[in-house]
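Q: predicted model and sequence below, questions to follow.
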Amino acid sequence: EGEYNSDNAGGSLLSRLRGKKYIIPDSMERIGSKNRWYTELRQEYDTEILPKDDERSLKFVEAERKRQGIYKQSPHAQTPYDINNCPDHPPEGYPMQWPVLDVLHNWPTDDPTPPKHAEIHQGICIFDYRTEMHKANKYRHKEVPFIMRNDPAVARTAERWNSPGYMEKLLMGKEDTMRRTEYSPNNHFMYWVDKRPREERQAAAKKLNKQKKNGENVHGGFGRGNQEEMAEAMHELSEFNELKDKLNDAIEYAEDHEDDDEAQEERTRLQHLVMKAKRKKKEAALENWQPPTENLRMTYSDWLEHANVTDDKLGPDNPHWYFRLIGCGDMGDHTTDGSCDKGSSEWLFDELTFFQPRREEEERPFYLIEPKEQKGIHCRFGMKGVIAENHFDLSRNAITLLGGQRRYILSSPNNCVNMNLLPRGHPSARHSAVDWSNPDLDDFPTFAKAHVNEIVMQPGDVLYLPTNWFHYIISLELNMQCNTRSGGGKIYREEITECGF
């Protein structure tokens with residue numbers, strides 16, 4: 001009794017619900033926000049300001065796409081299949097990819113302005129949620145990327161998040177708390193995990209705070225890491241891999257020639273050299289390393305003041321800020337990797353119902369394959385020009401764009417050997433050492449052999465990105481993006497193992 005049915009809600013319903021408990025549409029009992037302020041906010045919007053109307057919400061995201069511009073395939077990037085009307089099954093060679101240098105030349109990554117005629121190298125399909133679910137299921141089963149468009153649930157969230165005043169009430173009202181924010185002295189953001197000993201980390205933090213108080217430059221102009229340090233780390237990795245190959249050959253030969261003393265001695269010698277190179281590789285990864293970005297805590301209103309600026313204050317060499325929200329869900333409040341901590345936004349599971357970890361198959365959202373493996377919901381709000389460096393993730397991703405635009409450059413795991421990945425043990429392992437804004441082909445000659453495609457995500461879009469697929473992200477304007485992961489750790493393992501992961 002007193003539960004709200006979003007299908008027949010009208011503005012007059014609010015008065016009839018007074019004194020009764022309001023139930024947020026499609027909310028879950030075990031996760032999500034149970035705070036009164038959030039329930040009251042949703043009640044106001046669900047019953048008076050934006051009552052459920054799928055046609056209106058879908059028209060909203062369509063209007064946003066038209067406002068931002070319709071992207072089309074470049075004449076130099078034609079596919080044998082129609083990306084807007086793809087075949088029922090992934091065609092051979094799907095998705096098509098093109099030389100990375102051609103893609104970067106057509107649209108340099110430091111430039112958030114679309115190229116002439118908005119022509120891009122798009123190779124992945126776009127499916128309509130209402131009419132092409134049967135196709136999307138087959139592509140998802142084959143673990144290849146695609147875009148889902150016109151999902152009413154996603155459109156409703158995008159419309160609500162773009163409704164004047166809603167995000168201010170959501171993030172600057174009762175829960176105006178300090179949340180994770182990343183700072184970079186330029187437009188590049190390289191993910192990192194600090195692997196220095198605790199005492200060294202504490203000393204570095206103390207020194208950083210002292211330098212900031214004295215008004216000193218504390219970042220060295222990184223943002224994506226020191227390029228010389230990365231090149232040295234890659235050199236040590238190359239030497240280590242060469243020794244490993246020699247050792248494998250020596251082991252195989254020694255096993256076939258047990259009476260050959262020289263073969264046994266060579267195997268032992270190479271084993272010692274590999275162990276030494278392994279230690280040297282690890283030391284090279286940390287020697288002279290500094291965090292490429294700074295992790296801060298900031299309120300949404302403070303971040304918005306920094307991020308929502310005019311173009312004359314933007315540019316690749318100016319400071320950028322990246323704002324983050326985390327909904328922990330079944331991960332709980334205290335995880336060892338720090339993914340969930342104070343200030344988590346559990347209402348994300350009520351806002352993005354299409355990312356809920358429902359375990360009953362008939363209720364399970366399309367975007368979660370293994371709900372029990374979900375690692376929360378993570379949202380990142382980017383200011384115009386922000387670049388997230390090329391990397392792969394160890395589980396499948398569902399990524400939705402709820403406001404603004406983002407350009408995703410994608411690449412299959414079979415390009416791993418050409419991505420020049422920072423090795424295991426490096427604070428930014430799994431990320432490409434190459435600066436895609438200015439590739440150094442002398443240090444990284446194999447990068448020119450890599451192939452990629454691209455897609456511009458717009459409000460209401462959801463990108464299905466399988467495990468271990470590479471992605472490089474550029475914010476084309478102020479934007480709001482959320483993602484969730486759900487298992488898939490063994491997919492494309494052979495290709496990634498070839499790169500030492």
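A: Yep, that arrived. The model shown is predicted, which means the values in this text are computed figures rather than measured ones.
Q: okay, CA-based contacts and neighbour counts for the rest of this
A: Will do.
Q: where does pLDDT dip in the stretch 51-200 of the chain?
A: Within the stretch 51-200 of the chain, the stretches with pLDDT under 70 are 175-176.
Q: ranges for the helices of it?
A: Taking DSSP state H, counting those that start in this stretch as the criterion, the stretch 51-200 of the chain carries its helices at 54-68, 100-106, 133-141, 152-161, 166-172, 198-213.
Q: for the stretch 251-400 of the chain, same thing?
A: Under DSSP H, counting those that start in this stretch, the stretch 251-400 of the chain gives helices at 261-286, 300-307, 348-351.
Q: cool, and the stretch 401-501 of the chain?
A: 493-497.
Q: and of the helices of the stretch 51-200 of the chain, who's closest to residue 353?
A: Closest of the helices of the stretch 51-200 of the chain to residue 353 is helix 152-161, at 7.3 Å (criterion: Cα to Cα).
Q: looking at the helices of the stretch 51-200 of the chain, which is nearest to residue 486?
A: Closest among those, using Cα to Cα: helix 133-141, at 12.9 Å.
Q: which residues does that closest one contact?
A: 87, 88, 89, 90, 127, 145, 146, 148, 464 (Cα atoms under 8 Å, 6 or more residues apart in numbering).
Q: closest to residue 501 among those?
A: For the contacts of helix 133-141, the nearest to residue 501 is residue 145 (21.6 Å; Cα to Cα).
Q: distance of the residue lying closest to residue 158 once chain neighbours are set aside relative to residue 382?
A: Excluding its sequence neighbours, the residue lying closest to residue 158 (Cα to Cα, 6 or more residues apart in numbering) is residue 402, at 4.6 Å. Counting by Cα to Cα, to the nearest Å, the separation of residue 402 from residue 382 is 12 Å.
Q: mutual contacts of these two, please.
A: 479, 480.
Q: just the strands in the stretch 1-150 of the chain please.
A: Secondary structure of the stretch 1-150 of the chain (DSSP state E, counting those that start in this stretch): strands located at 72-73, 98-99, 119-120, 126-128, 146-149.
Q: in its sheet, what does the longest one sit against?
A: Spelled out, that is strand 146-149. strand 126-128 (parallel), strand 462-465 (antiparallel) (DSSP bridges).
Q: dump those strands to CSV, plus distance to residue 54.
A: CSV is the format used below for the strands paired with strand 146-149 (distance: least, Cα to Cα, whole Å):
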stretch, distance to residue 54
strand 126-128, 14
strand 462-465, 17
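Q: so which of these is the most surrounded?
A: Highest mean neighbour count among the strands paired with strand 146-149 (mean count of other Cα atoms under 10 Å): strand 462-465, with a mean of 24.
Q: that one: how far from the chain's middle?
A: 10 Å (Cα atoms, centre = their mean, to the nearest Å).
Q: got a pLDDT number for the closest residue in space to residue 108 that isn't next to it in sequence?
A: In space, and not counting its chain neighbours, residue 108 is closest to residue 437: 6.7 Å by Cα to Cα, 6+ apart. Looking at residue 437, its pLDDT reads 95.
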